[in-house]
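> coords please:
(2 chains)
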Amino acid sequence: MVYMATGDRDDVRVTIEDDIIRLKWTEGVTITEDDARAAAVLVNQISPDRRRPMMVDMTLTAAVTRAARTVFLEPGAASRIALVGGSPVDRVIANFVLGVSNMPCPTHFFSSAAAALDWLRQAPS
Amino acid sequence: MTEPDQDPRLDQILDLMIQFASGDMKARLKPSPARDTIDAIITGFNLLAEELDLMYQNLEARVAERTKLLRRAQKDLELLALTDSLTGLANRTLLGDRIGQAIVRSDRDALPPAVLMLDLDEFKYINDSLGHGAGDGVLREIASRLRSTVREIDTVARLGGDEFAIVMPDVTEEGALLVAHRALTALQDPIVLGDNSIQVTASIGLRFGMRGLSADDLLRDADIAMYEAKGEGKGKVQVFEPSMHRASVQRLQMVSELRQAISDGQLSLRYQPIVRLADGRIVGAEALIRWDHPTRGLTLPNNFIALAEESGLISDLGQWVLRTGLADLAQWGATVPDLGEFALHVNITATELRRHGLIDHVQRILDDFGTPPSRLALEVSGSTMITGDVSAMQALVELKELGVSIEIDDFGTGYSSIAYLRELPVNAVKVDKSLVAAIGKDDAQNAFVRAVLQLIESVGLRAIVEGIETANQVGELLRAGAVYGQGYYFSMPVDARQIAGLLAADLPLHGRDQRESTSR
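Residues are numbered from 1 along each chain as shown, chains lettered A, B, ... in the order given. Modelled structure (predicted):
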C-alpha cells in the first residue's frame, strides 16, 4: 500500500511504502528552511500514529541551506533516516547534513536505494 | 593560464577562491548538471563558505553584544564613581567637576557659580535614637527635597554624612539666596518614616560666585559660612564674608593650641564650693577648667568648650578634667579625716555622654583613685537636648546605676523643660543663677523661685541654687525651702589647695570672709 502526501508543494513528495516513509525532492531544488519545514510537516502528517524509518532521496538536489539543515535536528516522525544519493555531489551534501548536525535519530548516507532499504529494515519498528 | 583541455569549472573554482580570499563569503558557484567530483568540490566549497559566513556573523553578533555589556558596565562604574550610592546625588568628585565647568563657562558668557553647603542640625540624634536605617531614610528624603528646590542646571551633591552641597552655575546673588531659602523651606515639613515623624533643620553656608575663585576656594568658603550659620543657631543661612575666613583660621589655630594645652599642662582646675545653706558648711565643689594660654593669659571655658566639642577634643578635655579632679579629691581625702557628704561636681557635655566606653572610663578612673562613685556628681547642661537621644540617656542610666550622682545644670535656661525633671535619670537639679538674680528685690520672682524649688522637690530631686551673691538671697532661698547653694557669696572658684584648707577648717562659709580669703 502506498500513502502519498504532497500538500500544496510540488518540489517534494512524501509516501509510505512497506511501512517506510519515502521523501523525494524534485531534481535541482535548493532546499531552504521553508522547504525543509514543509517536508517535515508532510512527514508528520503521513505518519501521525508512530515513528517509522525514512528514506530521503537527495539525488539531483542542488543544495541544502544551513537553516534547512537545522530543521532536520528537530525530532519528527522518523525513527531512523537513510539519505540516498548517487553522485559525489549528493554525498557531499548528505555528509554536510550529517556532519554539521547532531541528528535526533540514527542517520546514514547510502549511495544505493537497496542498501538504504536494507539498513532501514533492520530497525525495530 | 588555462590549459586547452582543462575543465572550465576549475577556473570558476579558482575565481571562487579569490572571492573568498577577498572576504566575500557570500560568493557561490552553481554545480553543473554533471554532478561529478568537481561539482561535489564546488558544492563542498559552497557549504563551507556558508558555514564560515555564519560563524563570522555569530561571532560579530557576540562581539557586539559583549561590547554593549561592557559599555553599560563602564557607564555603571562611572555613575558609581561619581554619585553617592545612598541618595543617587552627585558625590564630591562630580561636584568638583561641575563647579569647574561652571567656572570655565563664567570665563565666556555666564556669571560665576555660587556654592551652597548644607549641614543637618543634630542629625546624629536621629541615627542614635532611631537607628541608621531611619537616618538613611531621612538622608534620602532630604536629597529628594533638595533636588526639587534647585534649577535644572544646578547640581545637588552629598559630601558624606549629613553634609550636602549645591553648585549653582550662572547665578545672581539674589538667585542663589532664593535657592538657599527654598532649601531651608523644603526641610520644614516633618519627614515621616513609619511611625516616626522627624523634624529636621539645617544650617546653610552660601558662597556667592566671584571671578578668580577656584572650586576649592568656593567649597572652603561655603563650608566656613556654614559653620558660622551653625554657630548662630539652627535653620540659618549665612553668606560668606572674608572676615569669616580669618575667624576660621583663628579657630583652627586655637584647636591646635588647645590640643597642645592638654598635653603641655596649660590647663588647671578651680573649684567653687557648694554649701548647705542652713549652716554654710561645704558639701561639694564644682570643678571649673581654666586655660593658662601662653600669650592670651587665663582663658575661661566659655571661650574654648564649644570649639573643643566641634573639633572632637572634648573627650580628651573631659578625661583630663575627671582625672585631675579625682586626683585632687583623693588628695583632700588623704589630708581631711572626714569628708562627710562631700562630692566633686564635674561638668559633662552631651557629646561626651554619647561617647562609647564612657562608663568604663569613669569606672576606671574612680578605681584608680579608690574613690567611691557617690563622691562624684556629673553635671549635664540643661540646655542640651538629650531627651530622645537614646545613647546619651542610656549613659546617664548606667552612670546612675554605677552610683554616680547625675545633675541637670543650668535649669531654668535655654531648652530646659519640666519634662526633663521626669524623664531624665537624675538625682539633683542646679537652678540657674538667672532665676536667683532678682530674688529679694521682686516678690513675684520670689514666688516664682519658690514654685520652681517646690516643683523640683515634688519629683523627688535635690535642688542646688547657683549664683548666690548676697545674704538677702540666702535668707529668701532658705524661706523658699532651698537646701543647697553655690555662688560668690560663699566663695569664688579657688584652687585645690584652698579647698583642702576649707575642708580642714570645717567652718561655715560666709560672704565677706571668704571673698577676702580668695583674694589672698
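
> Now do the contacts for the closest residue to residue A:21 other than its chain neighbours.
Closest residue in space to residue A:21, ignoring its immediate chain neighbours: residue A:54 at 3.9 Å, by CB to CB, 6 or more residues apart in numbering or on different chains. (Glycine included, C-beta is placed from N, CA and C.) By CB atoms under 8 Å, 6 or more residues apart in numbering or on different chains, residue A:54 lies in contact with A:20, A:21, A:22, A:23, A:43, A:77, A:78, A:79, A:80, A:81, A:82, A:120.

> change it to 10 Å
A:14, A:16, A:20-23, A:43, A:46-47, A:76-83, A:105, A:107, A:120 (CB atoms under 10 Å, 6 or more residues apart in numbering or on different chains).

> From the centroid of the chain, which residue is nearest?
In the absence of a named chain, this looks at chain A. residue A:56 (3.1 Å; CA atoms, centre = their mean).

> try chain B instead
When CA atoms, centre = their mean is applied to chain B, the residue found nearest the centroid is residue B:124 (6.1 Å).

> what's the distance between that residue and residue B:406?
Taking CB to CB, to the nearest Å as the criterion, residue B:124 is separated from residue B:406 by 21 Å.

> again, but for residue B:420
On the measure of CB to CB, residue B:420 and residue B:406 end up 12 Å apart.

> what touches both of the two?
Common contacts of residue B:420 and residue B:406, defined by CB under 10 Å, 6+ apart, comprise B:380, B:426.

> how far does the helix or strand harbouring the residue nearest to the centre of chain A sit from the chain's center?
With secondary structure defined by DSSP states H and E, residue A:56 is part of strand A:52-57. Between the centre of strand A:52-57 and the centre of its chain there are 5 Å (CA atoms, centre = their mean, to the nearest Å).

> What strands flank that strand, and is each parallel or antiparallel?
Strand A:52-57 pairs in its sheet with strand A:20-25 (parallel), strand A:78-84 (parallel), by DSSP bridges.

> Name the next helix or strand following it along the chain.
strand A:63-64.

> near chain B at all, that next one?
Yes: judged by CB under 10 Å from any CB of the partner chain, strand A:63-64 comes into contact with chain B through A:63, A:64.

> low-confidence ranges in the stretch 251-400 of chain B?
Within the stretch 251-400 of chain B, the set of residues satisfying pLDDT under 70 comprises B:382-389.

> For chain A, what's the nearest residue on it?
Nearest to chain A in the stretch 251-400 of chain B, going by CB to the nearest CB, is residue B:356, at a distance of 66.9 Å.

> Please list all residues in contact with that residue.
Residues in contact with residue B:356 (CB under 10 Å, 6+ apart) are B:391, B:395.

> Give me the three-state assignment for it.
coil (DSSP: H, G, I helix; E, B strand; the rest coil).

> any idea how far stretch B:213-220 is from the chain center?
So, by CA atoms, centre = their mean, the centroid of stretch B:213-220 is 22 Å from its chain's centroid.

> following the lowest-mean-pLDDT helix or strand in chain A, which helix or strand comes up?
Of all helical and strand segments in chain A, the minimum by mean pLDDT, DSSP states H and E falls on strand A:2-5, at a mean of 62. The first helix or strand that comes after strand A:2-5 along the chain, using DSSP H and E, is strand A:12-17.

> Next, the buried residues of that next one.
Neighbour counts over strand A:12-17 (16 or more other CB atoms under 10 Å in any protein chain shown) mark A:12, A:13, A:14, A:15, A:16 as buried.

> The second one bridge partners, please.
Here residue A:13 sits in beta bridges with residue A:24, as judged by DSSP bridges.

> Give me the pLDDT value at it.
Looking at residue A:13, its pLDDT stands at 88.
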